[in-house]
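>>> Let me see the structure of the following:
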Amino acid sequence: MTTEKTSPTDSSAQTQKGKIPLWILVVFFSTVIIAMSSFAVTQYQQQQIQNLNKKQQTELRSLEQSILEQDDVINTAWLHTLNPLVKDTKGSVLWSSQKQQGIIKLFDLPTLRDTQVLHLWIYDLDGKSNAPISGATFKPTSTQVLLAFDADSKVSAPLKFELTLETKGVDGAVPLLLAQP
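Residues are numbered from 1 along each chain as shown. All right, here's what the predicted structure looks like:
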């Protein structure tokens, strides 16, 4: 009768074949925990952004209602210039000289380059100079804009509103839209 001798290293090698090394389990579960945490943080941030957007929309709607209730309210649609960039753009300007506040509505805006911004100018009949008054400078993040604004100085009798396109490093602005009460 022959007996096979197994060495202690052979025996542990056989038992090790069926087991997953501990370091692999640690890496696997760490990766799962990191992925779940990342997902939870992303969901939380998105929920916060949605809540902020809802709050801002509610505030804008409240401001819009407040402006519409004023005796001197101006609510006028944008008129197109000959610029083909905004041929499909629509919207309106809402303004109250009593409140010195307004709201711009724009729909179907073109996508701007990184170096471009839109600038709202207000021309005042009662102004001390013929220079327009800055109402807002903004970079749209979507094709739709609902933006509250107020003028850099008092506007008593707005003659017209002008939306221009300004490009960083380029002198002069390109007129895009006009609105006249």
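>>> Just the strands from the protein, written as ranges.
74-77, 79-80, 90-96, 101-107, 116-124, 133-138, 145-149, 158-167, 174-179 (DSSP state E).
>>> Dump those strands to TSV, plus mean neighbour count and mean pLDDT.
C-beta here means a position set from N, CA and C on the backbone, and glycine is covered the same way. Shown next, in TSV, are the strands of the chain (neighbours: other CB atoms under 10 Å; pLDDT from 0 to 100):
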stretch	mean neighbour count	mean pLDDT
strand 74-77	16	95
strand 79-80	13	88
strand 90-96	21	96
strand 101-107	21	95
strand 116-124	20	96
strand 133-138	17	96
strand 145-149	17	93
strand 158-167	20	96
strand 174-179	19	95
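>>> Any chance of TSV for those strands, columns distance to residue 41?
As requested, those are exported to TSV (distance: least, CB to CB, whole Å):
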stretch	distance to residue 41
strand 74-77	43
strand 79-80	45
strand 90-96	36
strand 101-107	33
strand 116-124	32
strand 133-138	29
strand 145-149	29
strand 158-167	37
strand 174-179	40
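>>> Let me know which of these is the nearest to residue 56.
strand 145-149 (8.8 Å; CB to CB).
>>> List the neighbouring strands of the closest one plus their orientation.
Looking at strand 145-149 with DSSP bridges, its partner strands are strand 101-107 (antiparallel).
>>> thinking again about what came up before, for residue 58, find the nearest of the strands of the chain.
With CB to CB as the yardstick, what comes closest out of those is strand 145-149 (11.7 Å).
>>> Quick check: bridge partners of the residue nearest to residue 127 when sequence neighbours are not counted?
Excluding its sequence neighbours, the residue lying closest to residue 127 (CB to CB, 6 or more residues apart in numbering) is residue 133, at 6.9 Å. Assessed by DSSP bridges, residue 133 has beta-bridge partners residue 122.
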